[in-house]
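Enquirer: Here's a sequence, model it:
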Amino acid sequence: MNNLLFLKNKKKEVKKEVKKEVKNESKTIDNKNNETKNIESIKLENTEYDNINYDNITFYKDIDIKKFNHEKKTDILCVTTFNKKLYDDYAHKFIESYSFPFDLIVYSEDDLSFLKNKVNYNITVINSKDNIPEMNNFINRNISKNEIYLNRFVKRYKGDAIRFCYKVFAVTHAGLVFNNYKYLIWLDADMIITKPLTKNIIEDKFINPYDMMSYLGRLNKHSECGILFFNMNHKYTNQYFKEMLNIYVTDNLFNLEEYHDSYVWDYVRIKYEKIYNVKNYSISKIINHSNILEKTDLIEFIYHNKGNLKYD
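Expert: I've put the predicted structure just below:
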């Protein structure tokens, strides 16, 4: 089934699901741990921001990027991650539909080198297990405790530290190692690309030249982080990536109110806004909607198969 037909068949189903989720989100947030109602009001735990030691993050230091066989052809880099099972379940739709004129890096715990022979665009496949020891160490330290983390929350995804760590390690690895791009764009692998997105459109609609990043903000809830835009020329972007990593490498993640990546992206972003007066851009204008991407101009280019829709 081609992508356009797929989208048409799902339209009514998506509307029903979104309407149901929006209704649920209008109720008081259920929680066991006084979870934050307004993400913008999160409490910043550490005030000594400039004294954080990043020496325990090593993968990007003195690295020879030639080993990745990555060829830079554009000044925009797109990044995603999935393993072989997720590729078979749904990420193959992302790979088949990808039509952005930008370089793409896929991170995976499995050997997905076969992808290079399946597409005619510039793709690099990086084995995250072999190249991000900090990720392996975080998972090995915490995987036996992940069920405990899940049970701390009524909405269990908020405690799923392992499932949602792969994105953080992929984005930060790409941002710190392949740092000669103008923009880095994170894309969830359950997305389908419906129309090419150009650099001019990105700069006109989705990122401001003096902002560090763009995101999909939501009212009274963490951001939707299925897509993130990073301005690689901003003076704080590199430090932002290191700060994200530091939270995982030190296990300070478990001192936060929620353990999934969306909360952590927000936590560090808001920290930089408050401490360094960094400007960032919410593409969604901070409204309340489950599949927030549908309420932005991004819907012209990307369809996000959130939740169980990704498996259809």
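
Enquirer: show me where the stretch 101-250 of the chain has helices.
Expert: Listed in chain order, the helices of the stretch 101-250 of the chain (DSSP state H, counting those that start in this stretch) span residues 128-131, 133-142, 146-150, 165-177, 199-201, 237-249.

Enquirer: TSV please, covering those and showing mean pLDDT, distance to Pro101 and mean neighbour count.
Expert: For every residue, glycine as well, the C-beta is placed using N, CA and C. What follows is these, written out as TSV (pLDDT from 0 to 100; distance: least, CB to CB, whole Å; neighbours: other CB atoms under 10 Å):
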stretch	mean pLDDT	distance to Pro101	mean neighbour count
helix 128-131	96	25	16
helix 133-142	96	30	16
helix 146-150	90	39	15
helix 165-177	97	18	23
helix 199-201	97	8	13
helix 237-249	96	22	21
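
Enquirer: Lys306 is nearest to which of the ones you listed?
Expert: With CB to CB as the criterion, Lys306 lies closest to helix 165-177 of the helices of the stretch 101-250 of the chain, at 14.6 Å.

Enquirer: contacts for that closest one?
Expert: Residues external to helix 165-177 that are found in contact with it (CB atoms under 8 Å, 6 or more residues apart in numbering): 59-60, 63, 65, 68, 77, 79-81, 105, 107, 109, 126, 128, 131-132, 134-135, 138-139, 184, 186, 188, 225, 228, 230, 232, 237-238, 241-242, 244-245, 248, 261, 264-265.

Enquirer: Specify the angle between it and helix 133-142 in degrees.
Expert: If you take axes from the mean of the first three to the mean of the last three CA atoms, to 10 degrees, helix 165-177 sits at 160 degrees to helix 133-142.

Enquirer: and stretch 235-244, C-alpha only, in PDB?
Expert: As requested, the backbone C-alpha atoms of stretch 235-244 are provided in PDB (Å, rounded to 0.1, in the frame of the first residue of the first chain):
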ATOM      1  CA  LYS A 235      26.800  28.900  20.900                       C
ATOM      2  CA  TYR A 236      24.900  26.700  23.500                       C
ATOM      3  CA  THR A 237      23.900  23.800  21.300                       C
ATOM      4  CA  ASN A 238      27.000  21.800  21.900                       C
ATOM      5  CA  GLN A 239      26.800  22.300  25.700                       C
ATOM      6  CA  TYR A 240      23.100  21.400  25.600                       C
ATOM      7  CA  PHE A 241      23.900  18.000  24.100                       C
ATOM      8  CA  LYS A 242      26.500  17.400  26.800                       C
ATOM      9  CA  GLU A 243      24.100  18.400  29.500                       C
ATOM     10  CA  MET A 244      21.600  15.900  28.200                       C
END
